[in-house]
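Student: with the sequence up front, the predicted model follows.
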Amino acid sequence: MQPLIDHARSFRERSTERPEEFAQLAQGQSPQVLFITCSDSRVVPALITGARPGELFELRTAGNIVPPYVSGQPTSEAATVEYAVEVLGVSDIIVCGHSHCGAVGALVRGDDLTAVPAVRDWLAHSTSRPEGAVADPAVAEAVKNHVLTQLLRLRSYPCVEKRLAGGQIRLHGWFYEVHTGTVLSHDVASDTFQTL
């Protein structure tokens, strides 16, 4: 913890080296991308994309899950998607899964999650079991299938559906390999994930 505290203390000093950049952030945000990914500490969107402050609007959930949209039953996830699309006007939404995902692995293996009931209930409520090899520690195919399911879910959100119909937004499925740093993107034409 101490290195994190030390870094936070010195951050102000480093930020004063670029006062105009940080002063501009106080005027508001205008990110072009909503980046939906897992809460996993090994996945760092700004590190992966090289984004600067204000360039990504992020939604992080256990297993990068986009829960089903249910009218009249607001969720934090739905509110974040709606805000990004309707207020910030993002032009792109990326759903980024990752190798060695604990949530997807638990789903594929059918792990007993009674010791973590909130996790168990979140996974059971939010997504179906993705297809993929149980023996694969990276759960690569399962995560890729899971990303595609989340993209389908996004399409059912009214704000996203409306923008897609108007050609005002694009959806992207990414797969990040934590052990290599490689990012793959889903190619709709071939229905495969290919290196960016």
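Tutor: Arrived safely, thanks for sending.

Student: lowest confidence element among the helices and strands of this protein?
Tutor: Using mean pLDDT, DSSP states H and E, helix 2-15 stands out as the lowest-scoring helix or strand of the chain, at a mean of 76.

Student: which outside residues touch that helix?
Tutor: residue 22 (Cβ atoms under 8 Å, 6 or more residues apart in numbering). All C-beta atoms are positioned from the backbone trio N, CA, C, and that covers glycine.

Student: can I get it in PDB, CA atoms only?
Tutor: C-alpha atoms of helix 2-15 as PDB (Å, rounded to 0.1, in the frame of the first residue of the first chain):
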ATOM      1  CA  GLN A   2       2.800   2.400   0.800                       C
ATOM      2  CA  PRO A   3       4.100   2.700  -2.800                       C
ATOM      3  CA  LEU A   4       0.600   3.700  -3.900                       C
ATOM      4  CA  ILE A   5       0.300   6.300  -1.100                       C
ATOM      5  CA  ASP A   6       3.800   7.700  -2.100                       C
ATOM      6  CA  HIS A   7       2.800   7.900  -5.700                       C
ATOM      7  CA  ALA A   8      -0.500   9.600  -4.900                       C
ATOM      8  CA  ARG A   9       1.400  12.200  -2.800                       C
ATOM      9  CA  SER A  10       3.900  12.900  -5.600                       C
ATOM     10  CA  PHE A  11       1.100  13.000  -8.300                       C
ATOM     11  CA  ARG A  12       0.200  16.600  -7.500                       C
ATOM     12  CA  GLU A  13       3.800  17.600  -8.000                       C
ATOM     13  CA  ARG A  14       4.000  15.800 -11.400                       C
ATOM     14  CA  SER A  15       0.700  17.200 -12.500                       C
END
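
Student: residue 195 contacts residue 180, doesn't it?
Tutor: No. Taking contacts as Cβ atoms under 8 Å, residue 195 lies outside contact range of residue 180: 10.3 Å.

Student: quick one: the strands in the protein?
Tutor: Using DSSP state E, the strands of the chain run over residues 33-38, 56-61, 92-98, 170-176, 183-187, 192-195.
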